[in-house]
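Q: The amino acid sequence is not available; the structure is as follows:
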């Protein structure tokens, strides 16, 4: 094969590749599939392996909670917002824009649940519990009197939340800490006066496989060995 023949063959291959690519592009466009069909909202990665919280929270629970419930909120939000001005907006912006808007309740619920769950996974750690970092420990003592009093307040918030919801450790503008609860998808993120530091999920799907109806035991186990005080300290530093 001489140089001319080689050049002709390469040109032919280039033409065929280009033609094939053009044909594929035409077929995709004809099918109505968007070339930028990647979802605007995606499921954030877990900060640890699915079995890392066991036995407090089993790999089975994480697989269902994260892989089904959390993923489901992401899928639904993408369906609800595709083709709307909210598509592609930062998640926190979507939450704040739709909070308290009855016509946007479905968007708010799914967006807030994505954020709440992402925050929950980061509020836990395989080697959690123990003593909080110094700055957080001082704020806890100043606000509650002691770490045990803080845990008691969080436990009360978690156990008195009727039905589904969340218990939160938050800081106000004066950096005073308190425990609050929210129902369903509600979140302190929508309050301009509060900074969420950590959260406990008390929806039944968070604990029923492992703890059945024993919410109190689930909450106690989280506070003893899985709560991520370092994450709360990071959030307090930014408050």
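A: Nice, thanks for sending it over. Worth saying up front: this structure is predicted, and the values here are computed from it rather than measured.
Q: quick one: the residue nearest the centre of the chain from residue 193, how far?
A: By Cα atoms, centre = their mean, the chain has its centre lying nearest to residue 118, at 1.8 Å. As judged by Cβ to Cβ, to the nearest Å, residue 118 and residue 193 stand 22 Å apart. All C-beta atoms are positioned from the backbone trio N, CA, C, and that covers glycine.
Q: repeat for residue 233
A: 20 Å.
Q: Please identify which of the two sits among more neighbours.
A: residue 233 (18 against 10; other Cβ atoms under 10 Å).
Q: For the helix or strand where the more buried one lies, list every residue counted as buried.
A: Assigned by DSSP states H and E, residue 233 belongs to helix 229-237. Residues 229, 230, 231, 232, 233, 235, 236 are the ones in helix 229-237 that count as buried (16 or more other Cβ atoms under 10 Å).
Q: Isn't the last one up against residue 169?
A: No - using Cβ atoms under 8 Å, residue 236 makes no contact with residue 169, being 9.2 Å away.
Q: ok so, going back, ok, the buried residues of helix 229-237 vs residue 96, which is closest?
A: residue 235 (17.5 Å; Cβ to Cβ).
Q: How about that closest one, nearest residue that isn't a chain neighbour?
A: Nearest in space to residue 235, with sequence neighbours left out and distances taken as Cβ to Cβ, 6 or more residues apart in numbering, is residue 197 at 4.6 Å.
Q: Kindly report the same for residue 44.
A: In space, residue 44 is closest to residue 118, 5.0 Å off (Cβ to Cβ, 6+ apart).
Q: What's the mean pLDDT across stretch 53-61?
A: On average, the pLDDT along stretch 53-61 is 98.
Q: start to end distance for that stretch?
A: 10 Å (Cα to Cα, to the nearest Å).
Q: Can you name the residues in contact with it?
A: Under the contact criterion Cβ atoms under 8 Å, 6 or more residues apart in numbering, stretch 53-61 has outside partners 50-51, 62, 124, 126, 206-207, 209-210, 221-222, 225-226.
Q: what would those residues look like in JSON lines with neighbour count and secondary structure?
A: As requested, the contacts of stretch 53-61 are exported to JSON lines (neighbours: other Cβ atoms under 10 Å; DSSP: H, G, I helix; E, B strand; the rest coil):
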{"residue": "50", "neighbour count": "17", "secondary structure": "coil"}
{"residue": "51", "neighbour count": "14", "secondary structure": "coil"}
{"residue": "62", "neighbour count": "22", "secondary structure": "helix"}
{"residue": "124", "neighbour count": "23", "secondary structure": "strand"}
{"residue": "126", "neighbour count": "15", "secondary structure": "coil"}
{"residue": "206", "neighbour count": "24", "secondary structure": "helix"}
{"residue": "207", "neighbour count": "24", "secondary structure": "coil"}
{"residue": "209", "neighbour count": "16", "secondary structure": "helix"}
{"residue": "210", "neighbour count": "18", "secondary structure": "helix"}
{"residue": "221", "neighbour count": "20", "secondary structure": "helix"}
{"residue": "222", "neighbour count": "28", "secondary structure": "helix"}
{"residue": "225", "neighbour count": "17", "secondary structure": "helix"}
{"residue": "226", "neighbour count": "19", "secondary structure": "coil"}
